[in-house]
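Trainee: sequence plus predicted model, see below.
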Amino acid sequence: MASRQRDISVSEFFAKNRHLLGFDNPRKALLTTVKEAVDNSLDACEEGGILPEIVVVIEDLAEAVEAQRHKGARGKEDEAESKGKKKAAASSRYRVTVVDNGPGIVRKQVENIFGRLLYGSKFHRLKMSRGQQGIGISAAGMYGLITTGKPMAIQTRPDARKPAHHIELAMNTKTNRAEVTVDVESDDFPLARLRDLNGATRELAEGGEFLGPASFPTGTSVSIELEGKYQRGRGSVDEFLELTAIANPHARITLVRPGKQYAEDAEGGSSEERGGRQLGLKAAPVPAIAPGEASEGAAGQGAAVAAEPERTEDVGPLVIFPRATSELPPETKEIQPHPKGIELGILLQMMKEAQVERDSYTVYNFLQDKFSRVSASTASELCDELGDKAFKVTARTKLADLDPAHGERLFKLLQEVKLPPPPTDCLAPIGVQQLLKGMFKGVRAEFYAASSREPDIYRGRPFLIEAAIAFGGELPGDEPARVIRFANRVPLLYQQAACSSFKAVLETNWRNYDLQQPRGTAPVGALVIMIHMASVWVPFTSESKEAIADYDEIRKEMKLALMECGRKLGTYLRKRAKMKREGQRRDVFERYIGEIAKALNAINGVDPKKIYDALLIQARERTAIADAQLDDEGRQVKDEDPADQQGVLIVGEALNEALAQAEGTAPASEPVTKSRKAAGAGSAVAKSAAPAPASAQAAKPRAKLDLKTGKLVPLDQGKLF
Ligand SMILES: Nc1ncnc2c1ncn2[C@@H]1O[C@H](COP(=O)(O)OP(=O)(O)OP(=O)(O)O)[C@@H](O)[C@H]1O
Ligand SMILES: [Mg+2]
């Protein structure tokens, strides 16, 4: 036995347990690889104060080999070839390349970052970022190496005046260290090869919109070959990037899909249809809002927005998720742990580390330097209380002079002392306006509401919950609501049932807001629910960062955010129902008014038109008054809470019609058409993207409802945001 005992390296452990890191099957492996690289790129750009420009390229290597073979031996072995293709569709070899315009990586860190698990800059700090564990990108490289035997290729340029480093490396899982196979300097950054992948990339590159060296003065490009499977739909790379674009409106992201497969759909139907049906996402560009409409409104609220709110452009071989705002999220501050959230073992460890750092570290300085919210006066108070008659503790007492019992006593004192809550400038919420914009960009509905809560604390760590809902429009009305979850702006696509946010959705009583909700399930209806948790440390249930652990404090905040959105929806639904009733009553009145006018004319010869008009005015007043004051059962309708009217956006044809009916006017027969800014007239992108589907035309937002006045504001004059 004893002779068999051995060290286990962290990479050996995770190579065996790769499902813990999100590499359970080929499809998920492809997603996880893209996710880890994109998360890192967004983090790096934001830390460097750079507006992110990210390109994701997925190449199907099996298909490339097939094409080569086909060229050499055309006509021969047709049968064998088609067999090969079938196999390729199940699981195949891909090369994923993610390029960013971030600050780049200094040469000496490259081996550690990409060739070593549990190495990173984010683990030891308390700051909101997408990455936190120091596992992500090296794990993706390790998975690639295990499944294909190919090393990772990295190009990084940390200095715009110098050439990029080109490094190829493979992880030695026994030692958890990188083995470098290529290490050269090169000016080929971003890789010219990628601009020449297909017609669409060439077109875009010619227009300077795709991987132009000028847009990437510094940055990093990571290429990983791996065994994977590209298939659209739920849990796919496409969905991940769509959702990432919603939560990160400041990023411009381009996805180049692999070879021919983008056009195929494993479950039948066009991929566009499927994406649209499942998520309610807009798959094609829709001319929606005239230039300047959204930008001015948003600028009034302090946000800088592109002149024209652009929508996702999907042209098949590539998808562009445009930048919706040119303002970076506010920079977050790193904080020290809050004493209330600390555990005894951690405190003792921190005391030891401080002594190693400086032999002369005093208790007083330790309390102030290593914790947040401990003021000078609180620190001296704590010192006083820590001492006793036998051993006095002053501001000059060193940590080294304390004995272990003092550690325990200090822990107790820290739990008892009154302290302000942790600072919250370490968090960067998405914000109500951006949430609405993000949802509007990605989900086609008629009603949108968002709420952003005040920060709270779990285990001494600050966190903040935001929620948004989209209702109606083209969303399917007979399915359970779709829940989209985010942690620190990263979409979570798996393990929904284990996630605190999903539990919060189930525990919220949606029936209060006029929605159906079978017992123990999500509400059923045309609804998309979005929840975002922002925190300096998101408590994930596993290393693959797929679900948020179920802390009571977190779930409670999530429920409160959902309830806020639910109330806004309830207000809207009631208002909509009232409008409908008003319209119906008026119909009944109007039906009889004509008869009455005729009868009166027969009796005393008065002008029927005059009577008709007078009665019509009366009827309109009556219906308006009755509806404004009484509900279905004739009871007084409660005044609406003004808070329910904020963070709300209502658009869509359904509403136009309801209002037109209520106002007794027919809806404008011709929808207002607005031309989309052409993406370079005559380009492949513009050509294939131009015709918007008929359904998209129908749902074109033409107006929004002002909940305060109950009036419809046409989008030509009113502002969307
Ligand atoms: N594209 C990039 N540009 C600049 N720095 C990067 C880039 N990718 C990774 N890094 C650096 O490499 C470190 C390790 O990345 P890795 O993805 O392995 O871990 P992480 O992001 O810290 O945590 P997680 O495991 O949660 O993703 C990061 O902390 C970051 O400092
Ligand atoms: Mg990472």
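Mentor: Structure received. Numbering: from 1, shown residues only. Ligands and ions are numbered 1, 2, ... in the order given.
Trainee: spell out which residues of this protein are next to ligand 1.
Mentor: Within the chain, the residues that sit near ligand 1 (CB under 6 Å from any ligand atom) are 36, 39-41, 44, 100, 102, 105, 113, 120-122, 131-138, 220. Using the backbone N, CA and C atoms, a C-beta is placed for each residue, glycine as well.
Trainee: how many neighbours does the residue of the stretch 551-700 of the chain found nearest ligand 2 have?
Mentor: As assessed by CB to the ion, ligand 2 sits closest to I554 within the stretch 551-700 of the chain, at 22.2 Å. For I554, the tally of surrounding residues (other CB atoms under 10 Å) stands at 23.
Trainee: just list what the helix or strand containing it packs against, helices and strands only.
Mentor: Here I554 sits within helix 552-604, counting by DSSP states H and E. Packed against helix 552-604, as judged by 3 or more CB pairs under 8 Å, 6 or more residues apart in numbering; DSSP states H and E, are the following elements: strand 447-452, strand 456-458, strand 461-471, helix 500-507, strand 527-535, helix 608-629, strand 648-650, helix 653-663.
Trainee: just checking, what packs against the fifth one?
Mentor: In terms of contacts (3+ CB pairs under 8 Å, 6+ apart), strand 527-535 is packed against helix 432-442, strand 461-471, strand 482-487, helix 500-507, helix 552-604.
Trainee: tell me the contacts of the residue of the stretch 401-550 of the chain found nearest ligand 2?
Mentor: For the stretch 401-550 of the chain and ligand 2, the shortest gap (CB to the ion) falls at K545, measuring 9.2 Å. For K545, the contact set (CB atoms under 8 Å, 6 or more residues apart in numbering) comprises G22, Q133, A487, V490, L492, V538.
Trainee: next, it: secondary structure please.
Mentor: Secondary structure assignment for K545 (DSSP: H, G, I helix; E, B strand; the rest coil): coil.
Trainee: tell me where the stretch 51-200 of the chain has strands.
Mentor: Remark: strands assigned in the stretch 51-200 of the chain by DSSP state E, counting those that start in this stretch are 53-60, 92-100, 152-157, 164-172, 177-186.
Trainee: buried set for the fourth one?
Mentor: When you say that, I think you mean strand 164-172. Using 16 or more other CB atoms under 10 Å as the test for burial, strand 164-172 gives A164, H165, H166, I167, E168, L169, A170, M171.
Trainee: closest one to ligand 2 out of the residues you listed, please.
Mentor: Taking these together and measuring to ligand 2 by CB to the ion, the closest member is M171, at 15.4 Å.
Trainee: report the separation between the closest one and E111.
Mentor: The gap separating M171 from E111 is 10 Å, by CB to CB, to the nearest Å.
Trainee: for D478, same thing?
Mentor: 54 Å.
Trainee: enumerate the positions of stretch 95-109 that are buried.
Mentor: Buried residues in stretch 95-109 (16+ other CB under 10 Å): R95, V96, T97, V98, V99, D100, N101, G102, P103, G104, I105.
Trainee: check whether it comes near ligand 2.
Mentor: No: counting by CB under 5 Å from the ion, ligand 2 has no neighbours in stretch 95-109; the shortest distance is 11.4 Å.
Trainee: report the mean confidence score over that stretch.
Mentor: Stretch 95-109 carries an average pLDDT of 97.
Trainee: could you work out the end-to-end span of it for me?
Mentor: Start-to-end span of stretch 95-109 (CA to CA, to the nearest Å) is 23 Å.
Trainee: could the helices and strands packed on strand 527-535 go into TSV alongside mean pLDDT?
Mentor: TSV is the format used below for these (pLDDT from 0 to 100):
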stretch	mean pLDDT
helix 432-442	83
strand 461-471	94
strand 482-487	96
helix 500-507	97
helix 552-604	88
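Trainee: pick the most buried one from these.
Mentor: Highest mean neighbour count of the helices and strands packed on strand 527-535: strand 461-471, a mean of 27 (counted as mean count of other CB atoms under 10 Å).
Trainee: what's that strand packed up against?
Mentor: helix 432-442, strand 447-452, strand 456-458, strand 527-535, helix 552-604.
Trainee: got a list of what the residue of the stretch 551-700 of the chain closest to ligand 2 touches?
Mentor: Y458, F463, I465, S500, M533, P539, I548.
Trainee: mind giving me the domain split of the protein?
Mentor: 10-230, 339-416, 575-714 (automatic domain parsing).
Trainee: and those: which comes nearest Q434?
Mentor: domain 575-714 (11.2 Å; CB to CB).
Trainee: quick check: phi and psi at E206.
Mentor: Per-residue torsions, E206: phi -60, psi -40 (degrees, to the nearest 10).
Trainee: what's the neighbour count on the residue of the stretch 201-350 of the chain at minimum distance from ligand 2?
Mentor: Nearest residue of the stretch 201-350 of the chain to ligand 2, counting by CB to the ion: V222, 10.9 Å away. By other CB under 10 Å, the residues close to V222 number 25.
Trainee: what of the one 10 residues further on?
Mentor: A total of 21 residues lie near R232 under the criterion other CB under 10 Å.
Trainee: same question, the one 10 residues further on
Mentor: By the criterion of other CB under 10 Å, E242 has 26 neighbours.
Trainee: output the below-cut-off pLDDT ranges for the stretch 351-500 of the chain.
Mentor: Of all residues in the stretch 351-500 of the chain, none has pLDDT under 70.
Trainee: if we can go back for a sec, quick one: which of D478 and E111 has more around it?
Mentor: For D478 and E111, the more surrounded residue by other CB under 10 Å is E111, and the numbers stand at 19 against 8.
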